[in-house]
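# give me coordinates for this.
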Amino acid sequence: MTTQNLLVELFVEELPPKALKKLGDAFASVLAEQLKAQGLTSAESVVTAYASPRRLAAHISHVWLKAADKAVQQKLMPISVGLDASGKATPALIKKLQALGADLSDPLAAVAALKRAPDGKSQALFYDSLMTGATLDTGLQKALEEAIAKLPIPKVMSYQLETDCALPGWSSVNFVRPAHGLVALHGSTVVPIKVLGLKAGNTTHGHRFEAAVDPVLLKDADSYAATLAQDGAVIASFTERKAEIAGQLARAAVKVGGGCTPVDDEALLDEVTALVERPNVLVCEFEKEFLDVPQECLILTMKANQKYFPLLDAQGKLTNKFLVVSNISPLDASAVIGGNERVVRPRLADAKFFFDQDRKKTLASRVAGLDKVVYHSKLGTQGERVDRVRAIAKAVGPQLGGAALARQADQAAQLAKTDLVTDMVGEFPELQGIMGRYYALNDGLSADVADAIEDHYKPRFAGDELPRNMSGVVVALADKLETLVGMFGIGNLPTGDKDPFALRRHALGVIRMLIEKDLPLALDALVASVAPVFDDKITDASGTSAALTDFIYERLAGSLREQGYSAQEVEAVLALRPQRLGEVPKRLAAVRAFAALPEAPALATANKRIANILKKTQDVDPHVSELLLQEPAEIALYAAMKKLAPKANAQFEAGHYTASLQTLAALRAPVDAFFDGVMVNAEALDLRLNRQGLLKSLHDAMNRVADLSRLAA
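Predicted structure coming up:
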């Protein structure tokens, strides 16, 4: 028996575009997994997913018509339970064998055929049988039902289907969209399955308007994509359709000239790919007068509302040309172009109107309006929030740039949220901060303050740039810390994958600014300084600060591991809870360099041993009396420490962490000799305390950069 390729397609009404790619991938992968679990696919099987606005499909190569029979051994029961004293089957064993369908015409032979094997401390009976392999009819039915059940459907629809039984009536069906067709082809043979009230066949439907024939007859599984393209005017593959759109966009931009390129937006490209079956990119334009509006507003309205691709010139400035991905390809596209140009014009006019109206009021005049906007029921209004951000900025600013920076940051913090009560941001919340900058410049404020107003939201996402100037850094830090402390203070913590206030992102933003700007701020003190600005809104200030600090270190550890540092390296550095996060990268580099030294494993192990010894004692004094040093090994270790520790400490204080650890690496030999030849817990109290003091001073010297015991295997 040979394998053949399998094609399954569900033909439905227009699927949700933002979920289409995920739906297509899930449909194909689950279908293939279920067939594999039933032994219906071979090791050579390849899965190809198809997804268009009106179909989900999967092509799976090398599929068997029937799975191979499978030998199965099943444990029955302990011998003491299944056989009586004379070795005959007990009623319990007979009943079990009957349930399994065993041949009991000769009970003695049936019992003799059972296997005896150890099972824990006793012997058990095992039954060998041959499980008949699944047929493709039943296996595909089960796999398709499972694939449909596991689809990541954003929202299920319920619709009615007329029953196909003798009695007239209707049945209710639940699916992402009403389904109207099912194809199941094994080679050229239809697999007789049913799902969602549909019977499988070998016909589907192509493009709503441009299909050459309807219905589209599929000769076999392998001709699916080609037949749909030729007879149905549909590019069934999401990946191929996306590539076709990207290519057409690039070619259209070149045709426009002037070094133009379409705006780069992967999410928009995915969404448009999910909206069309046969893409046709057209060039449209709007009146140049709209270019007086900030380009972010125009780009956003074209992308979000119309799914258009704005064109940028060689300098990255918006042009008055844009690209439309149409789902039809008429000989004369002028009507389609004109229609899209008419549709976009009112959108741009609205943006221009909002921009003109907003500029009639200064940002300063809008500050009072924030008192009417609720931020959180337990934390007050946006006006109160602004007061808290200003207080934090006033405390942080002098530490980073003196009184002048503090004044500038305070002004930016006061105005940073005022664009929330403008018409433009009310229509397009994504523009908060961006519009604040434009309106600040319109009010005659300095570029530094205007930039800080926009940048206080940064970094907005992973990989986003940091604020451009120190005023922006101060306000961004203050804003994020206010959010973090406030939400932790009232118990709104992230849980699982739920983080409605983006606290993980805010914590990473704080981390990135502290590290990448190398800010001279101690984390514990910074976090603790924020809680008092909430007055009585936070009842447990110290508990809140401690919990948030732990959270920040956890986020830092995760971020460092994602950057390629090992868990041991990260644990070694963060175990000391370094207060200047800007030092963390240098400490990690030092630990990595130390770990590469031949002395590192032995010193890490010794360090772990020292930590365990000191853990059993209380308040060990690192003082060492030379008069009490008796053994040659402890004298040698003390001498080596007197020579090396001052040098290592000086290097540490100078920030030369790698050099400091490399200096301490020379202690390996005397440390090894000490543990080989010295009894730390001597009977004489003075000797014991002196040796513990020696180990304590060694431990302190070796663990200033990182906890080296974390590197021990």
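# below-threshold pLDDT in the chain: ranges please.
1, 162-169, 713 (pLDDT under 70).
# select the longest helix from it.
The longest helix of the chain (DSSP state H) is helix 382-415.
# just checking, next helix/strand downstream of it?
For helix 382-415, the following helix or strand on the C-terminal side (DSSP states H and E) is helix 423-427.
# what's that next one in contact with?
Defining contact as Cβ atoms under 8 Å, 6 or more residues apart in numbering, one finds that helix 423-427 is touched by 297, 350, 351, 353, 354, 355, 357, 358, 419, 431, 432, 435. C-beta coordinates here come from the backbone N, C-alpha and C atoms, glycine included.
# returning to what we had before: what comes up buried for the longest helix of the chain?
382-397, 399-401, 405-406, 408-415 (16 or more other Cβ atoms under 10 Å).
# what's that helix packed up against?
strand 374-376, helix 447-455, helix 470-489 (3 or more Cβ pairs under 8 Å, 6 or more residues apart in numbering; DSSP states H and E).
# hmm, try it at 7 Å
The helices and strands touching helix 382-415, judged by 3 or more Cβ pairs under 7 Å, 6 or more residues apart in numbering; DSSP states H and E, are helix 447-455, helix 470-489.
# against residue 504, how distant is the residue nearest to the spatial centre of the chain?
Nearest to the mean C-alpha position of the chain, counting by Cα atoms, centre = their mean, stands residue 497 at 9.3 Å. Going from residue 497 to residue 504 by Cβ to Cβ, to the nearest Å gives 10 Å.
# just the helices in the stretch 51-200 of the chain please.
79-82, 91-99, 107-112, 136-149 (DSSP state H, counting those that start in this stretch).
# what are the contacting residues of the longest one?
Which is helix 136-149. For helix 136-149, contacts defined as Cβ atoms under 7 Å, 6 or more residues apart in numbering pick out 8, 27, 30-31, 34-35, 38, 40, 63-67, 184, 186, 191-193, 195.
# now for the nearest residue to residue 675 once chain neighbours are set aside, how many residues are close by?
Leaving aside its sequence neighbours, residue 675 sits nearest to residue 606 (Cβ to Cβ, 6 or more residues apart in numbering; 6.5 Å). Counted with other Cβ atoms under 10 Å, the neighbours of residue 606 add up to 23.
# wait, a helix at residue 606?
Yes: the assignment for residue 606 is a helix, going by DSSP: H, G, I helix; E, B strand; the rest coil.
# surely it meets residue 670?
No: counting by Cβ atoms under 7 Å, residue 606 does not reach residue 670; the two are 10.4 Å apart.
# for residue 345, see how far away residue 284 is.
Applying Cβ to Cβ to residue 284 and residue 345 gives a distance of 10 Å.
# could you do residue 471 as well?
Distance, residue 471 to residue 345, using Cβ to Cβ: 39 Å.
# between the two, which one's more packed in?
residue 471 (32 against 13).
# give the contact list for the closest residue to the more buried one other than its chain neighbours.
Leaving aside its sequence neighbours, residue 471 sits nearest to residue 452 (Cβ to Cβ, 6+ apart; 3.9 Å). Contacts for residue 452 (Cβ under 7 Å, 6+ apart) come out as 409, 412, 467, 469, 471, 472, 475.
# show me the contacts for the nearest residue to the fourth one once chain neighbours are set aside.
Think residue 469. Spatial nearest neighbour of residue 469, excluding adjacent residues (Cβ to Cβ, 6+ apart): residue 448 at 5.3 Å. By Cβ under 7 Å, 6+ apart, residue 448 lies in contact with 408, 469, 471.
# now stretch 18-33: buried residues?
The neighbour-count check on stretch 18-33 (16+ other Cβ under 10 Å) flags 19-28, 30-33 as buried.
# should've said stretch 207-224
Here stretch 207-224 shows 207, 210, 211, 215, 216, 218, 220, 221, 222, 224 as buried, counting by 16+ other Cβ under 10 Å.
# run through who's touching it.
Counting by Cβ under 7 Å, 6+ apart, 5-7, 57, 59, 183, 185-188, 202-206, 227-228, 231-234, 236, 277-278, 328-329 sit against stretch 207-224.
# can you give me how far it is from the chain middle?
39 Å (Cα atoms, centre = their mean, to the nearest Å).
# ok so, going back, just the contacts of helix 136-149: which are in strands?
Counting by DSSP state E, the part of those found in strands is 8, 63, 184, 186, 195.
# most neighbours among those residues, please name it.
Most neighbours among the ones in strands among the contacts of helix 136-149, by other Cβ under 10 Å: residue 8, with 29 neighbours.
# give the contact list for that residue.
31, 57, 58, 144, 183, 184.
# recalculate using a threshold of 6 Å.
Counting by Cβ atoms under 6 Å, 6 or more residues apart in numbering, residue 8 touches 58, 184.
# one more: residue 102?
Per Cβ under 6 Å, 6+ apart, neighbours of residue 102: residue 110.
# give the buried residues for stretch 631-640.
For stretch 631-640, the buried set under the neighbour-count rule, 16+ other Cβ under 10 Å, comprises 631, 633, 634, 636, 637, 638, 640.
# stretch 519-526 now?
Neighbour-count burial for stretch 519-526, with 16+ other Cβ under 10 Å as criterion, is recorded at 519, 521, 522, 523, 526.
# and the residues you listed as a markdown table, adding secondary structure and distance to residue 689?
Compiled in a markdown table, the buried residues of stretch 519-526 are given as follows (DSSP: H, G, I helix; E, B strand; the rest coil; distance: Cβ to Cβ, whole Å):
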| residue | secondary structure | distance to residue 689 |
| --- | --- | --- |
| 519 | coil | 42 |
| 521 | coil | 39 |
| 522 | coil | 34 |
| 523 | helix | 35 |
| 526 | helix | 39 |
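# can you tell me which of those is nearest residue 78?
residue 523 (61.1 Å; Cβ to Cβ).
# got the phi and psi for the closest residue to the closest one other than its chain neighbours?
Using Cβ to Cβ, 6+ apart and skipping the chain neighbours, the partner closest in space to residue 523 is residue 579 (5.3 Å). According to degrees, to the nearest 10, the main-chain angles of residue 579 amount to phi -80, psi -40.
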